[in-house]
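**Student:** predicted model and sequence follow; I will ask about them next.
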Amino acid sequence: MWESLQHAGWVTTLATTGWLYALVSVVHYFTLFFFVGTIVLLDLRIIGIVYRNQPISLLAKQLRPCTWVGFGFAVVSGFLLFSTEAGDYVAVTPFRVKMLAILLAVVSALAVQWNVPKWDRAPVIPTTAKLLALVSIMLWLGAILAGTEIAALTGLG
Amino acid sequence: MHDALLACCKWLENTPWGTTVRNSAWMYPVIQSIHFAGLSLWLGTTVTVDLRLMGVGERRQTAAELSDRLFAWNWIGFFVVVLGGFLLFSADATTYMSNPAFRMKLVILIPLALFWHLVVQKKTRTWAQTEETPAIGKWAGLIEFLLWIAVVTAAVEFLITNAVTRS
């Protein structure tokens, strides 16, 4: 399945057209840094390191559209880059680790989003909230690390 | 490459940190991730303010208030990015400086984008005190957004051309 994706017409065009591949790479890098940054900021607020005088929900509302639009671009561009060497990527461990980390990180981001209204109403932010926020940060940083390891260990991308 | 510049690069490569990062198989991606983590904070804070200046996002806070709130993490991100970048650079300074895309990034684009960032950050306080930012603020935000995209483009160009020449 992945091999046939790799050999699709539009994929080979992307893989062999230098400026197009570079463009998709730029979109992927720029948007991933941006959206991960917005998630980390919200997580730091939940942990209580920043902006304590502001309700969490205000910061969350400010950042949420940025986060999900950025995520959307990162996923689409990531899929396009993946498709150029799909068969090779799925076979290597760092790529699988990265995908797993992203999956778990998205689940944690949704859990945070779902709980923010509740945490806002509480007199004190519960410890479980802070733990979830910390795990969220670690998962996203882990995904970035796995991403860099793909190139370092396998030469792909 | 200019002799003095070449000598500086070689000196950096031979420092204890330059040598360690270059010779360690696992350290390079870790340092690269630190560079990227810092960049996430930097771009997360910077671009959020740029988008708010351009009118995107929740209106309850003005761009000036948002910029003030994100200020500390903006510069913490900057510190981490520069630290990671410096370590990566030290490991392979001559290779980096021989690459035109990297030279463009370090020597031209980053100073330009950084200068503009400082202008925007300072001026946002006066420009963006209302819910709707005046036109000058919107343009300033857009220019900054484009400048940082240019920096990332140069970095990606470097990664692609460097990988090609290495293999």
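**Tutor:** Yep, that arrived.
**Student:** looking at chain B, which residue is nearest chain A?
**Tutor:** Chain B approaches chain A most closely through B:Gly44 (1.7 Å), counting by Cβ to the nearest Cβ. The way it works is simple: take the backbone N, C-alpha and C, and place the C-beta from them, glycine included.
**Student:** apart from its neighbours in sequence, what residue is nearest that residue?
**Tutor:** A:Gly37 (1.7 Å; Cβ to Cβ, 6 or more residues apart in numbering or on different chains).
**Student:** return the set of buried residues in the one helix or strand the one you found maps to.
**Tutor:** Per DSSP states H and E: A:Gly37 is located in helix A:18-47. Neighbour-count burial for helix A:18-47, counted by 16 or more other Cβ atoms under 10 Å in any protein chain shown, picks out A:21-47.
**Student:** same check, this time on stretch B:121-130
**Tutor:** For stretch B:121-130, by 16+ other Cβ under 10 Å, it's B:Gln121, B:Thr124, B:Trp127, B:Ala128.
**Student:** one step back: just give me how far the helix holding A:Gly37 sits from the chain centre.
**Tutor:** The chain centroid and the centroid of helix A:18-47 are separated by 7 Å, computed with Cα atoms, centre = their mean, to the nearest Å.
**Student:** give me the next element, helix or strand, following it.
**Tutor:** That would be, after helix A:18-47 and using DSSP H and E, helix A:56-84.
**Student:** that older thread, tell me what the helix holding A:Gly37 is packed against?
**Tutor:** helix A:9-16, helix A:56-84, helix A:93-121, helix A:127-154, helix B:27-53, helix B:63-91, helix B:135-166 (3 or more Cβ pairs under 8 Å, 6 or more residues apart in numbering or on different chains; DSSP states H and E).
**Student:** reformat those helices as TSV; add mean neighbour count, distance to B:Trp17 and mean pLDDT.
**Tutor:** Listed next are the helices and strands packed on helix A:18-47 as TSV, based on neighbours: other Cβ atoms under 10 Å in any protein chain shown; distance: least, Cβ to Cβ, whole Å; pLDDT from 0 to 100:
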stretch	mean neighbour count	distance to B:Trp17	mean pLDDT
helix A:9-16	13	37	89
helix A:56-84	19	31	92
helix A:93-121	16	25	93
helix A:127-154	19	18	92
helix B:27-53	24	10	94
helix B:63-91	19	6	94
helix B:135-166	18	20	89
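**Student:** quick one, which of these is nearest to B:Cys8?
**Tutor:** helix B:63-91 (10.8 Å; Cβ to Cβ).
**Student:** the closest one vs helix A:56-84, what angle?
**Tutor:** Interaxial angle, helix B:63-91 versus helix A:56-84 (axes from the mean of the first three to the mean of the last three Cα atoms, to 10 degrees): 40 degrees.
**Student:** packing partners of helix B:63-91?
**Tutor:** Helix B:63-91 packs on helix A:18-47, helix B:3-13, helix B:16-23, helix B:27-53, helix B:110-127, going by 3+ Cβ pairs under 8 Å, 6+ apart.
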